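Engineer: test case, fold it:
(one chain, ligands or ions: 2)
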Amino acid sequence: MKYKIKNICCIGAGYVGGPTMAVIADKCPNINVEVIDINKERIDDWNNKDFEKLPVYEPGLAEIVKRCRGRNLHFSNLLEEKIKNADMVFISVNTPTKTKGVGAGKASDLKWVEVCARQVAQFARGHTIVVEKSTLPVRTAEVIKSILESSQSSTLNFSNNPSFDVLSNPEFLSEGTAINDLTNPDRVLIGGDRKDAIEALCEVYRNWVSEEKILKTNVWSSELAKLTANAFLAQRISSINSISALCEATGADVREVSRAIGSDNRIGSKFLDSGPGFGGSCFKKDILNLVYLSEYFGLPEVGDFWKGVVELNSWHQHRISKLVVKNLFGTVSGKKISILGFAFKANTNDTRESAAINICHDLLEEGAILSIHDPKVEKWQISKDLGSKYLNPINNDYINENNNSNISEWSFCSTIYQAVKGSDAILILTEWDEYSFIDWERVSKMMRHPAWVFDARSITKPEQVIKFGLNLWRIGDGYERPTGDIKI
Ligand code: UDX
Ligand code: ADP
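Structural biologist: Ligands and ions are numbered 1, 2, ... in the order given. I've put the predicted structure just below:
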């Protein structure tokens, strides 16, 4: 084999770079893995002695970091040194949607990727294989390649005489199950045009992935496959969420509909859970990239088709806040609403594009007083997402004593029972396991009646909620369900 990989450097220590490199280090004890980031605080967190305080929460991650950190897994800010020593550099930095200029609101902002490519071009020595790992728009490899190639002909890094290969190796890990997705992937996709470079990356994966799961394609197919996979998954969620609204209107139950359609082999049962709308850093961004690409290549009908998936998602989130208001007699002004779950899904502390952000914003705009609980998301993160405009500066267990007040604010609660104290309604937005074990009798006694439970994740058992005198709304549940007659 032409290239034997001994030193890997990953630029970007985020939700993708951190777990991916931890698993590579764990599975490849003969490879030294260096994760670098410009964010010093993030690196300090990855090096934290307390493994509970790593910057990314993922089941199973802390154990791997514990095993490998200091052995063949290192986190630092030493960009120049680590790029110099690497045979292979993964680019795993953030690529948010552009907010201004050409493609604003749709295209990905490649500025961080470009900075990375320039850093690699400047510091690399000898032959370096550059692997794009971040979710990127199609043809990004070309951008990276042309930056790297220009360094070969410039005097900037002339003395080191670098040469490069660029591969696309999209990440399919899903947050919350990242370690399992990485250790038992459905497939590993490698896009490239030079056999030696592809072979070198295959060799890394062969340490734990069987040959038939490693798919090799050209660069463009690999890049487009990643966007398409996410678009298809998101499309399923918008499809089922659209049906949930119809279920509520017609008396059907979306869980029954999901089960019925999911048992058709051609459809399959996964990704058919109706919820508060998809979140996460990828789905919306990737679809918007697809929309941008379609329009750019003169295919507006294709763009419109995918745009619909994102529009439905946004409509669905606002639909939930509206029906909370409607059921609370048309106004939530001065009413206390407990929000259970702020992460975009369970088992992660990530809140990017979480449905909770839009829904909480809507309710705050309507004058509600929110008490927010999430087992893994920290208060500072919620502050960042909601802005400080509504933050209750005084305490963390605000009780609304003046129900006529139209002051809108939110507070953070560290337990479910603290959050529900004195509230008019509970809105469950993340499917954290602990929300399926709530003591509804205790909760009902703590709430102001008539009290509502809005379950946007189908995590409650209806009979256990209504029997304690609580009104229940569940996503996509069109059953007429009277409240139980046990008076609290
Ligand atoms: C996604 C892709 O699954 C992954 O392959 C890719 O690499 C990155 O993007 P992620 O965003 O981490 O992963 O989580 P995912 O499990 O896909 O969930 C995304 C959103 O869809 C979450 O808000 C989740 O709650 C929601 N969802 C998922 C549903 O509402 N219903 C479902 O049935 C499944
Ligand atoms: P993802 O979910 O794609 O991993 P994150 O935002 O969690 O996204 O992580 C991306 C990381 O990349 C951040 O920690 C950011 O500081 C880092 N980063 C961005 N640009 C650079 C750069 N030029 N050099 C090093 N790190 C970078």
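Engineer: how about the residues of the protein near ligand 2?
Structural biologist: Contacts of the chain with ligand 2, taken as Cβ under 6 Å from any ligand atom, map to 11-17, 36-39, 42, 92-94, 112, 115-116, 134, 281. C-beta coordinates here come from the backbone N, C-alpha and C atoms, glycine included.
Engineer: only the buried subset of those, as a ChimeraX command please.
Structural biologist: Buried members of the residues of the chain next to ligand 2, defined by 16 or more other Cβ atoms under 10 Å, are picked up in ChimeraX with:
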select :11,12,13,14,15,16,17,36,37,38,42,92,93,94,112,116,134,281
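Engineer: next step: the residues of the chain next to ligand 2 restricted to strands.
Structural biologist: 11, 36 (DSSP state E).
Engineer: which of the residues of the chain next to ligand 2 fall in helices?
Structural biologist: Here DSSP state H is the test, and these give 17, 42, 112, 115-116 as lying in helices.
Engineer: show me what the host helix or strand of Thr128 packs onto, helices and strands only.
Structural biologist: Assigned by DSSP states H and E, Thr128 falls within strand 127-132. For strand 127-132, the elements it packs on are strand 88-91, helix 111-123, helix 140-153, strand 163-168, helix 195-205, judged by 3 or more Cβ pairs under 8 Å, 6 or more residues apart in numbering; DSSP states H and E.
Engineer: just say which of the ones you listed is most tucked in.
Structural biologist: Here the criterion is mean neighbour count by mean count of other Cβ atoms under 10 Å, and of the helices and strands packed on strand 127-132 the winner is strand 88-91, at a mean of 26.
Engineer: alpha carbons only: can I get that strand in PDB?
Structural biologist: Provided in PDB are the C-alpha atoms of strand 88-91 (Å, rounded to 0.1, in the frame of the first residue of the first chain):
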ATOM      1  CA  MET A  88      -4.300  12.500   7.100                       C
ATOM      2  CA  VAL A  89      -6.300  15.600   8.100                       C
ATOM      3  CA  PHE A  90     -10.100  15.500   8.700                       C
ATOM      4  CA  ILE A  91     -12.000  18.700   8.300                       C
END
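Engineer: gap between that strand and the chain center?
Structural biologist: Put simply, strand 88-91 sits 22 Å off its chain's centre (Cα atoms, centre = their mean, to the nearest Å).
Engineer: elements contacting that strand?
Structural biologist: Contact here means 3+ Cβ pairs under 8 Å, 6+ apart; on that basis strand 88-91 packs against strand 7-11, helix 17-27, helix 111-123, strand 127-132, helix 195-205.
Engineer: chain center to stretch 317-334, what's the gap?
Structural biologist: For stretch 317-334, the distance to the chain centre is 26 Å (Cα atoms, centre = their mean).
Engineer: and the helices and strands packed on strand 88-91 as CSV, adding distance to Ala368 and mean pLDDT?
Structural biologist: What follows is these, written out as CSV (distance: least, Cβ to Cβ, whole Å; pLDDT from 0 to 100):
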stretch, distance to Ala368, mean pLDDT
strand 7-11, 42, 98
helix 17-27, 36, 98
helix 111-123, 37, 92
strand 127-132, 43, 95
helix 195-205, 49, 97
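Engineer: got those as a markdown table, with distance to Thr217 columns?
Structural biologist: Shown next, in a markdown table, are these (distance: least, Cβ to Cβ, whole Å):
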| stretch | distance to Thr217 |
| --- | --- |
| strand 7-11 | 22 |
| helix 17-27 | 20 |
| helix 111-123 | 20 |
| strand 127-132 | 14 |
| helix 195-205 | 10 |
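Engineer: tell me which of these lies nearest to Leu429.
Structural biologist: For Leu429, the closest of these is helix 17-27, at 24.1 Å, according to Cβ to Cβ.
Engineer: packing partners of the closest one?
Structural biologist: Counting by 3+ Cβ pairs under 8 Å, 6+ apart, helix 17-27 packs on strand 7-11, strand 32-36, helix 61-68, strand 73-76, strand 88-91, helix 178-183.
Engineer: of all these, which lies closest to Leu201?
Structural biologist: Nearest of these (Cβ to Cβ): strand 88-91, 7.2 Å.
Engineer: strands paired with the closest one, and their directions?
Structural biologist: Here strand 88-91 is paired, per DSSP bridges, with strand 7-11 (parallel), strand 127-132 (parallel).
Engineer: which of these sits most buried?
Structural biologist: strand 7-11 comes out most buried of these by mean count of other Cβ under 10 Å, with a mean of 26.
Engineer: measure the closest residue to ligand 2 within the stretch 351-488 of the chain to Val89 for me?
Structural biologist: Proximity of the stretch 351-488 of the chain to ligand 2 (Cβ to the nearest ligand atom) peaks at Arg352, 7.6 Å away. Distance, Arg352 to Val89, by Cβ to Cβ, to the nearest Å: 25 Å.
Engineer: need the helices and strands packed on strand 88-91 in a markdown table with distance to ligand 1, can you?
Structural biologist: Listed next are the helices and strands packed on strand 88-91 as a markdown table, based on distance: least, Cβ to the nearest ligand atom, whole Å:
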| stretch | distance to ligand 1 |
| --- | --- |
| strand 7-11 | 16 |
| helix 17-27 | 11 |
| helix 111-123 | 17 |
| strand 127-132 | 14 |
| helix 195-205 | 16 |
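Engineer: so which of the ones you listed gets nearest Phe454?
Structural biologist: With Cβ to Cβ as the criterion, Phe454 lies closest to helix 17-27 of the helices and strands packed on strand 88-91, at 32.6 Å.
Engineer: which residues does the strand holding Thr128 contact?
Structural biologist: For strand 127-132, the external contacting residues (Cβ atoms under 8 Å, 6 or more residues apart in numbering) are 3, 5, 83, 86-91, 113, 117, 120, 140-141, 144, 148, 162-170, 197, 200-201, 223.
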